[in-house]
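S.K.: Compute the structure for the input listed below.
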Amino acid sequence: MSATARQSAIQTIATTTHQLNRISFKEKSLKDLFGSNVFNEAEQKARLPKPIFKALQKTIKQGAQLTDPAIADAVASAMKDWAIEHGATHYTHLFQPLTGLTAEKHDSFLSPSGDGTAMAEFSGKELVKGEPDASSFPSGGLRATFEARGYTGWDPTSPAYIRETPNGTTLVIPTVFVSWTGEALDKKTPLLRSMEAISPHALRILRLFGNTEAKKVFTTVGPEQEYFLIDKNFYYSRPDLINCGRTLFGAKPPKGQELEDQYFGTIPERVIACMADCETEMFKLGIPVKTRHNEVAPSQYEIAPIFEDSNLATDHNQLCMDVMRRTAEKYGLVCLLHEKPFAGINGSGKHNNWSMSTDTGENLLNPGDNPHDNAQFLVFCVAVIRAVAKYPELLRVSVASAGNDHRLGANEAPPAIISIFLGDQLQDIMDQLEASNLKSTKQGGYMEVGVSVLPKLPRDAGDRNRTSPFAFTGNKFEFRAVGSSFSIGGPNVVLNTIVAESLDFIATKLEADVKAGKPLNKAIQDLLPGILKESKKVIFNGNGYSEEWHKEAEKRGLPNLKSTVDAIPQIISKASIELFSKYKVLTEKELHSRYEIFSEKYVKEITIEANMMVHMAKTMILPAAVRYQGEIAASVNAAKAAGVDVAGQLDELKTLASTIAKFQAATKSLEHAVDHHAGGDAYSHAKYMKEKVVSGMESLRVLGDALETIVSDDLWPLPTYREMLFIK
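M.R.: Presented below is the predicted three-dimensional model:
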């Protein structure tokens, strides 16, 4: 039955014709399409009274608090009318619980009038606050099962939008999610707090440089999203993909990515049709997607947006993943967002391109074209270097997951050691700065910055380094270690907060020196070299995959937290608690909740994978192997009876029988390991799963993959890598 199902999947794929011409950009231009389903600034201006519009924009752009209930009522009324014009029947508060996914509860606009009729209503109170059940989401002890109350709160900085479905549309309102006692139960609340933490300290530095126009500094992100697309017939024939998001068994195919013919290659027709459909929906939602291309691995692709405010970019990336999953189904495809769905080829990441900008449009990590800008750039750049050097463990834990453990350190991803790549030219500048002897770049040329001589920096000041977890790429830092299935909220909470602390440190020092009468350029020249001397241990421009770097990193004292289990305790380290508490991003109680949730999630994910491996081993792989063993045994006996030399067949039978025996033993061992949980808290359980269960899974996989290379192809029950990755 299993073999027939696999063969039927291939036959179905071969004979199915998909409707690809679903989208026509001739009928509606990109310009008109973009943001058409968003209650954006243009819609707000057109529909709101002028004072209401100004108050709302002040909240969105400057962070002013909305205190007048009349403003919320007016916005709600306009939002409702706009949504109903777009066919909406319901509204929902969309939030990002600590599952890493999004959650929503839909309510109708309909309100009975009492006379047998009804009217559409939506009040400011309903806009501002919702009340989902808080006990049914991960809380890490913040909420007990019997303590159910939690609140969603409208986030006006992320515009509401319309989600179109086959039977009607829904008004979607981005919100935060907090407990009745005020703790953050989501990804968005700490992100907003971290953005508020960084702004005042960045402004302090800008004021020293004479910038009095900027009123707010915010971080920007452009997350490059990698993913796989495979035919749904293969997906539904692989229970591991359905339940775990990755293949738990699968032998290396004869051809993988060795020929390097996939990367930036011609995009297959069905795939590009799906991409265009996805982009159409994203354009409507105001998601500024810019780039699409084949990635390195077969059947792997990437979509990348233009930079946005970190909060909006986080919301848009969650939307992007949702649109990709839903749209792929229309083309008979399944979108895989796991970090490592297929062993032995590149996994998928989400490169988090991060920078800082003012509300006047200035990118603070842009080297600029004049001496003043270059000096300012150096201060902000050194602040980031100091932050990464001081808190590498927190950056590592922000990208920790069972899925990402399979990817970090492989050929397509940076190692678990957090380091910074600057590139030759910027490195040369930093070396001169550390030596207090700024004179020139390697390319030559001089530039006066007051006290020192600083060369002009081009916008792209160095090469790219794919082995670096944190690389400077011209006018931003690229945090490459983020996993493809992640919400970027968590990593950016850490980035924003550690840089806020560093900017606070530098601003305090510079302010004191300037107040004491020291010229700003002299104060900068005196301060930055010392910071670089302390922080340069984290700078590495070489091959992050090399064994030499691992040894060198150990000499430098850089942490190498190889697995999620190694990283989790950093959440509640003394340094973490002090940092996040000081800048009011996460309380100690909230940090402990994340520690519990990370531990529990790891245990649950590994338990599901282990149970699925045992199930597949017993019900799919072992029966196929035993059938094949029976066929060979029968053939050997028949040949023997006919007087034929069967030495070769006997060797094959012995190899098969031995592998089956080892496979059965490994299956029993894994089953025993997963059924005998460790005692103690969630983290103790996570350590046990890593030490006992994960190692058992690795052993079982080796044997299962060996059987795939031995058992007759017509008996093998699972779609293989050579089929899933190359039959499109």
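
S.K.: From the chain's centroid, how far away is stretch 45-63?
M.R.: The chain centroid and the centroid of stretch 45-63 are separated by 32 Å under CA atoms, centre = their mean, to the nearest Å.

S.K.: Please disregard the earlier target; I meant stretch 332-347.
M.R.: The answer for stretch 332-347 is 14 Å, by CA atoms, centre = their mean.

S.K.: Stretch 619-639 too?
M.R.: Its chain's C-alpha centre and that of stretch 619-639 lie 45 Å apart, by CA atoms, centre = their mean.

S.K.: What's the mean pLDDT across that stretch?
M.R.: Stretch 619-639 shows a mean pLDDT of 94.

S.K.: which other residues reach it?
M.R.: 2-3, 249, 646, 649-650, 652-653, 656-657, 659-660, 663-664, 667, 704, 707, 710-712, 715-718 (CB atoms under 8 Å, 6 or more residues apart in numbering). Heads up, the C-betas are built off the backbone N, CA and C, glycines and all.

S.K.: What of stretch 231-243?
M.R.: Residues outside stretch 231-243 that contact it (CB under 8 Å, 6+ apart): 5-6, 8-10, 12-13, 246-249, 329, 332-334, 336, 341, 608-609, 612-613, 615-616, 718-719, 723-724, 727-728.

S.K.: Mind giving me the PyMOL command for buried ones among these?
M.R.: Buried residues within those, by 16 or more other CB atoms under 10 Å, are selected in PyMOL with:
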select buried, resi 6+9+10+13+246+247+248+249+332+333+334+336+341+608+609+612+613+615+616+718+719+723+724+727
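
S.K.: Buried ones in the strand or helix carrying Ile597, by neighbour count?
M.R.: Using DSSP states H and E, Ile597 falls within helix 588-616. For helix 588-616, burial by neighbour count (16+ other CB under 10 Å) applies to 590-616.

S.K.: again with stretch 664-674
M.R.: By 16+ other CB under 10 Å, the buried positions in stretch 664-674 come out as 664, 666-667, 670-671, 673-674.

S.K.: follow-up on the earlier one: restricted to helices, list the contacts of stretch 231-243.
M.R.: Under the assignment DSSP state H, the contacts of stretch 231-243 contribute 5-6, 8-10, 12-13, 329, 608-609, 612-613, 615-616, 723-724 to helices.

S.K.: Lowest-confidence one in these?
M.R.: On pLDDT alone, Ala5 ranks lowest of these, at 74.

S.K.: which residues touch it?
M.R.: By CB under 8 Å, 6+ apart, the contact list for Ala5 reads 237, 717.

S.K.: For the residue lying farthest from the centre of the chain, pull up the helix or strand it's in.
M.R.: Ranking residues of the chain by C-alpha distance from their mean position (CA atoms, centre = their mean) puts Gly643 at the top, at 63.5 Å. Gly643 belongs to no helix or strand when assigned by DSSP H and E.

S.K.: Tell me which residues touch it, please.
M.R.: With contacts taken as CB under 8 Å, 6+ apart, Gly643 has no neighbouring residues.

S.K.: For Ser635, see how far away it is.
M.R.: Noted for Gly643: a distance of 14 Å to Ser635, by CB to CB, to the nearest Å.

S.K.: Determine the longest strand present in this structure.
M.R.: Of all segments of type strand in the chain, defined using DSSP state E, the longest is strand 217-231.

S.K.: Downstream of that one, the next helix or strand is which one?
M.R.: Once the chain leaves strand 217-231, the next helix or strand it forms, by DSSP H and E, is helix 232-235.

S.K.: which SS state does Glu501 fall under?
M.R.: helix (DSSP: H, G, I helix; E, B strand; the rest coil).

S.K.: Quick check: buried residues in stretch 344-361?
M.R.: 344-358.

S.K.: How far does stretch 50-70 sit from its chain's centre?
M.R.: Counting by CA atoms, centre = their mean, stretch 50-70 is centred 31 Å from the centre of its parent chain.

S.K.: Mind listing what's buried along that stretch?
M.R.: For stretch 50-70, the neighbour count (16+ other CB under 10 Å) marks 52-53, 55-57, 59-60, 63, 66 as buried.

S.K.: Next step: those residues restricted to helices.
M.R.: Using DSSP H, these in helices are 52-53, 55-57, 59-60.

S.K.: center of the chain, which residue is that?
M.R.: Closest residue to the average C-alpha location of the chain: Phe486 at 3.1 Å, with CA atoms, centre = their mean.

S.K.: so where's the protein shaky on pLDDT?
M.R.: Low-confidence segments of the chain (pLDDT under 70): 1-4, 143-148, 369-373, 409-413, 437-466, 678.

S.K.: Skipping its backbone neighbours, what lies nearest the residue nearest to the centre of the chain in space?
M.R.: Counting by CB to CB, 6 or more residues apart in numbering, Lys350 is the residue found nearest to Phe486 once chain neighbours are left out, at 5.9 Å.

S.K.: Could you grab the helix/strand/coil label for that neighbour?
M.R.: Lys350 falls in the strand class when you classify it by three-state DSSP.

S.K.: Bridging across strands, which residues link to it?
M.R.: Taking DSSP bridges, one obtains Gln225 as the residues bridged to Lys350.

S.K.: who touches it in this structure?
M.R.: By CB under 8 Å, 6+ apart, the residues touching Lys350 are 223-226, 317, 482-484, 486, 488.

S.K.: Grab the two from the buried residues of stretch 664-674 that are most spread out in space.
M.R.: Using CB to CB, the two most remote members of those are Gln664 and Val674, lying 16.1 Å apart.

S.K.: all strands of the stretch 101-250 of the chain, in order?
M.R.: 106-108, 110-112, 118-120, 129-130, 150-154, 161-165, 168-179, 217-231 (DSSP state E, counting those that start in this stretch).

S.K.: Could you do the stretch 351-500 of the chain as well?
M.R.: Listed in chain order, the strands of the stretch 351-500 of the chain (DSSP E, counting those that start in this stretch) span residues 420-421, 470-472, 477-479.

S.K.: What helices and strands are in contact with the second one?
M.R.: Contacts of strand 470-472 with other secondary structure elements, assessed using 3 or more CB pairs under 8 Å, 6 or more residues apart in numbering; DSSP states H and E, are made with strand 420-421, strand 477-479.

S.K.: In it, which residues are buried?
M.R.: Neighbour count says strand 470-472 has 470-472 buried, by 16+ other CB under 10 Å.

S.K.: Throw those into TSV and include distance to Ser699, thanks.
M.R.: As requested, those are exported to TSV (distance: CB to CB, whole Å):
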residue	distance to Ser699
Phe470	34
Ala471	36
Phe472	41
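
S.K.: Locate Ser695 within the secondary structure: which element?
M.R.: Applying DSSP H and E, one finds Ser695 within helix 695-708.

S.K.: how much does that helix deviate in direction from helix 588-616?
M.R.: Here helix 695-708 points in a direction 30 degrees away from that of helix 588-616 (axes from the mean of the first three to the mean of the last three CA atoms, to 10 degrees).
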